[in-house]
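**Student:** sequence and computational prediction follow.
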Amino acid sequence: MTMAMLRLRRTQTSCALMLALTLALGPTLASAQGTAAGTYPNRPVTVIVPFAAGGGTDIVARMLGNELGKRWKTGVVVENKPGASGQIGNALAARAKPDGYTLLLSTTALIQEPGLYKKLPYTAVKDFTPVAQVATSTNFLVVPASSPANTLKEFITYARGHQGRLSYGSNGNGGSSHLHGSLFNSVNKLEMVHVPFAGSAPLLTALLGQQVDAAFVDISPLRAQLNSGKLKVLAGTGPKRSALLPNVPTMSEEGIAGFEPVGWFGMFVPSGVPAPIRKTISDAVVDALKTPEIVKRFEELGLSPAQVAPDAFAERMREDTPKWEQMIKAGNVTVE
């Protein structure tokens, strides 16, 4: 036998051994992966909230975490990591090990940030995978009861007659409240001065105290004041009227376009989490959102349980991102 024939025989033998080994280990490896996904979670799960304790996102995360813990028979721990308008918590979640044991409950800010900041420590579409949309929230244009305007059109006329002398408040620079107010200024050729506050609660207090002339306020803090007679709700954002305020028209009904995207709360995992584990999380979240306790509490907060699965949520994010970017540009919004 020549040396060439000998080398060929050895190569063939080696390939045969490798093929046999692959065939032998294949079912074992597949079984091991399936077992890992099938036993998830077998230890506590952490939900990162990129905002301070006590806020709407924190409340939603803790309610949901409690329901997930019941279903998974393990602890679900909520960790608040506030700072930099949510960027600190989001960045921590993006860098977490993609094993399904670190979740992120974030908000619409995640897809608004690219239009507001030149540089971010993460890329929403690449570093996170949505597993479920949790809830949606509507903003309303609200004025003090002392305002001479009783309708949206009356307010626009009043503001045009007082250019540069009226102010609108928001719950912080760069948030939906700010973006809506800035866009409202732009499309109606108004010159209201923006006054940011550190959250919705102080914003509402300022509005009640007539420290600002108008504000876009989300329904959660607004709900307690709906029957107080101290405020007037002129219009809402979103594609349709709120079930809580069915008599309040939307901006689009009043002929003002661009206010269709709504705010949302969503559950995410770091990119790279195996699909079976993502499905386990998604199914549990969507199921939890159907419980009467969650539905009732969300309604009390003025939120609508979304129960939107990953693919539909991801599509909604893709559709809404350019709309928020357009809103930012139209309103000439800048964040220092």
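**Tutor:** That came through fine.

**Student:** okay, now L141: neighbour count?
**Tutor:** By other C-beta atoms under 10 Å, 25 other residues sit near L141. (Each C-beta comes from the backbone N, C-alpha and C, glycine too.)

**Student:** now the helix or strand in which it is found: buried residues?
**Tutor:** According to DSSP states H and E, L141 maps onto strand 139-144. Buried residues in strand 139-144, defined by neighbour count with 16 or more other C-beta atoms under 10 Å: 139-144.

**Student:** what's the answer for stretch 275-282, then?
**Tutor:** Quick answer for stretch 275-282 (16+ other C-beta under 10 Å): 277-278, 280-282.

**Student:** which ones among those residues are found in strands?
**Tutor:** Judged by DSSP state E, strands contain none of the buried residues of stretch 275-282.

**Student:** following the strand holding L141, which helix or strand comes up?
**Tutor:** helix 152-160.

**Student:** tell me the mean pLDDT over the next helix or strand after that next one?
**Tutor:** Per DSSP H and E, the first helix or strand lying C-terminal to helix 152-160 is strand 167-170. Averaging pLDDT along strand 167-170 gives 94.

**Student:** and the contacts of stretch 187-201?
**Tutor:** 55-56, 156, 159-160, 163-164, 166-173, 177-178, 181-182, 184-185, 203, 206, 211-214, 217-218, 220-221, 256-258, 330 (C-beta atoms under 8 Å, 6 or more residues apart in numbering).

**Student:** and the end-to-end length of it?
**Tutor:** Using C-alpha to C-alpha, to the nearest Å, one end of stretch 187-201 lies 27 Å from the other.

**Student:** quick check: buried residues in that stretch?
**Tutor:** 187, 190, 192, 194-197, 199-200.

**Student:** same question, stretch 54-68
**Tutor:** 55-65, 67-68.

**Student:** bridged to the spatially most central residue of the chain, which residues?
**Tutor:** Centroid check for the chain by C-alpha atoms, centre = their mean gives T107 as the closest residue, at 2.2 Å. Per DSSP bridges, residues listed as beta-bridge partners of T107: F265.

**Student:** could you check how far it is from W264?
**Tutor:** Distance, T107 to W264, using C-beta to C-beta, to the nearest Å: 7 Å.

**Student:** then D58?
**Tutor:** For D58, the distance to W264 (C-beta to C-beta) stands at 16 Å.

**Student:** repeat for N150
**Tutor:** Noted for N150: a distance of 31 Å to W264, by C-beta to C-beta.

**Student:** how about the strands of the stretch 51-200 of the chain, start to end?
**Tutor:** Assigned by DSSP state E, counting those that start in this stretch, the stretch 51-200 of the chain shows strands spanning 76-80, 102-107, 128-137, 139-144, 167-170, 193-196.

**Student:** can I see the domain layout of this protein?
**Tutor:** Domains of the chain are assigned by automatic domain parsing as 45-137+262-330, 139-236.

**Student:** and M251, which of those domains is closest to it?
**Tutor:** With C-beta to C-beta as the measure, domain 139-236 is the member of these nearest M251 (5.3 Å).

**Student:** restricting to C-alpha, output the strand holding L141 in CSV.
**Tutor:** Only the C-alpha atoms of strand 139-144 are listed here, as CSV (Å, rounded to 0.1, in the frame of the first residue of the first chain):
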residue,chain,number,x,y,z
ASN,A,139,-51.7,61.3,27.6
PHE,A,140,-54.3,64.1,27.9
LEU,A,141,-54.0,67.8,27.3
VAL,A,142,-55.2,69.3,30.5
VAL,A,143,-55.7,72.9,31.7
PRO,A,144,-56.7,74.4,35.1
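
**Student:** residues in contact with it?
**Tutor:** 149, 152, 155, 176-177, 180, 184, 207-208, 210, 213-219, 222, 230-237, 242, 245, 248, 251, 263.

**Student:** can you put the buried residues of strand 139-144 in JSON lines and add distance to V295 and pLDDT?
**Tutor:** Converted to JSON lines, the buried residues of strand 139-144 look like this (distance: C-beta to C-beta, whole Å; pLDDT from 0 to 100):
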{"residue": "N139", "distance to V295": "22", "pLDDT": "91"}
{"residue": "F140", "distance to V295": "22", "pLDDT": "95"}
{"residue": "L141", "distance to V295": "27", "pLDDT": "96"}
{"residue": "V142", "distance to V295": "26", "pLDDT": "96"}
{"residue": "V143", "distance to V295": "31", "pLDDT": "97"}
{"residue": "P144", "distance to V295": "32", "pLDDT": "96"}
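
**Student:** quick check: of the residues you listed, which lies closest to Q326?
**Tutor:** Looking across the buried residues of strand 139-144 and measuring by C-beta to C-beta, the closest to Q326 is N139, at 16.9 Å.

**Student:** where does the stretch 1-150 of the chain dip in pLDDT?
**Tutor:** Low-confidence segments of the stretch 1-150 of the chain, defined by pLDDT under 70: 1-38.

**Student:** where exactly do the helices run in it?
**Tutor:** Assigned by DSSP state H, counting those that start in this stretch, the helices in the stretch 1-150 of the chain fall at 3-38, 56-72, 87-95, 109-116, 124-127.

**Student:** can you name every helix or strand that the shortest one contacts?
**Tutor:** Right, helix 124-127. Applying 3 or more C-beta pairs under 8 Å, 6 or more residues apart in numbering; DSSP states H and E, we find helix 124-127 packed against helix 109-116, helix 310-330.
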